[in-house]
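Asks: Structure here, sequence nowhere to be found:
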DNA sequence: ATTAGTAGTAAACAAAAGGTTAGTAGTAAT
DNA sequence: ATTACTACTAACCTTTTGTTTACTACTAAT
């Protein structure tokens, strides 16, 4: 009696490959958290650092650079303002991640409920 | 002129929280790759190590333990066989990750196409 | 004059994650 | 007798990731 598979066996390596491509861009502890903050209206450096609990300026800075390189945000310096302000604006391309973020958030919510109900 | 937000501002921290919960279970370089292999019919230790390119036995072993702790697979020893065989079987709970994996795989595929078309 | 806000960077260090090598133990094939 | 397969694990080392502290430079408020 063999268990049914959720994904077809022949598609396995393609599946792994695509997920790897996605994780190359989104992987790590911070990138998705940063994107969610951006997609929720946060734009400035210090604002992001305050919203995303626990991230240091050095890491935030380097993650933002990588996200920009991957076309998920653009950096805009508002030199007219004082103090000089920098805005990190998500691109249209970043909105294609909506389904990914929603799927992860939905599952995370379900999982939390499961954990809590088990700990009785 | 303010950019529309993809996620509502008030839901931002809840969103981040849920994604964090999900990443706690699924985060890291290997867990999703392992789950995809399991969901595609791979069951044995060495089989998994061969399918998932680049993973070492030490890491595979420890990741499998964590996935078991989180209720995503069960470990079954087939002591009747020789050599002794161990099967890692995904649980029903693991199938709730289908949407997450599909969303990531879809996006990864789109992203690869985008990268290739840009490099012309 | 001092403090605080803007947005970072450099250096030094610590922690986490992952890789490499060798080894266990039993069986079966050559 | 040697090799190979099963499924790991221990010890050690490297790489990646992240933290802390101090600092830049300008402006505005106290």
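Replies: Okay, I see it. This is a predicted model, so every value here is computed, not measured.

Asks: Kindly tell me how buried residue A:115 is, as a neighbour count.
Replies: 13 (other Cβ atoms under 10 Å in any protein chain shown). Yep, even glycine has a C-beta here, placed from its N, CA and C like the rest.

Asks: go on, residue A:55?
Replies: 19.

Asks: My read is that it contacts residue A:45, right?
Replies: No: assessed by Cβ atoms under 8 Å, residue A:55 is found out of contact with residue A:45, at 10.9 Å.

Asks: which residues in chain A form helices?
Replies: A:12-26, A:31-39, A:45-51, A:57-69, A:92-95, A:98-118 (DSSP state H).

Asks: Any idea what the nearest residue to residue A:67 once chain neighbours are set aside is bridged to?
Replies: Nearest residue to residue A:67, sequence neighbours excluded (Cβ to Cβ, 6 or more residues apart in numbering or on different chains): residue A:73, at 5.1 Å. Per DSSP bridges, the residues bridged to residue A:73 are residue A:90.

Asks: In contact with residue A:73: list those residues for me.
Replies: Going by Cβ atoms under 8 Å, 6 or more residues apart in numbering or on different chains, residue A:73 touches A:38, A:64, A:67, A:88-91, A:94.

Asks: try it again with 10 Å
Replies: A:34-35, A:38, A:43, A:64-67, A:87-91, A:93-94 (Cβ atoms under 10 Å, 6 or more residues apart in numbering or on different chains).

Asks: what sits in contact with each of residue A:55 and residue A:45?
Replies: By Cβ under 10 Å, 6+ apart, the residues touching both residue A:55 and residue A:45 are residue A:61.

Asks: circling back: to residue B:14, which of the helices of chain A lies closest?
Replies: helix A:98-118 (8.1 Å; Cβ to Cβ).

Asks: Now do the closest one and helix B:98-118, the angle between them.
Replies: 160 degrees (axes from the mean of the first three to the mean of the last three Cα atoms, to 10 degrees).

Asks: and helix A:98-118, which residues are buried?
Replies: By neighbour count on 16 or more other Cβ atoms under 10 Å in any protein chain shown, the buried set for helix A:98-118 is A:99-109, A:111-112.

Asks: which of these lies closest to residue A:25?
Replies: Residue A:25 lies nearest to residue A:100 out of those, by Cβ to Cβ, at 10.3 Å.

Asks: looking at it, residue A:109 is touching residue B:16, isn't it?
Replies: No: judged on Cβ atoms under 10 Å, residue A:109 makes no contact with residue B:16 at a distance of 11.9 Å.

Asks: so what pLDDT did residue A:13 get?
Replies: For residue A:13, the model assigns a pLDDT of 84.

Asks: separation between it and DNA strand D?
Replies: Using Cβ to the nearest atom of the strand, to the nearest Å, we find residue A:13 at a distance of 19 Å from DNA strand D.
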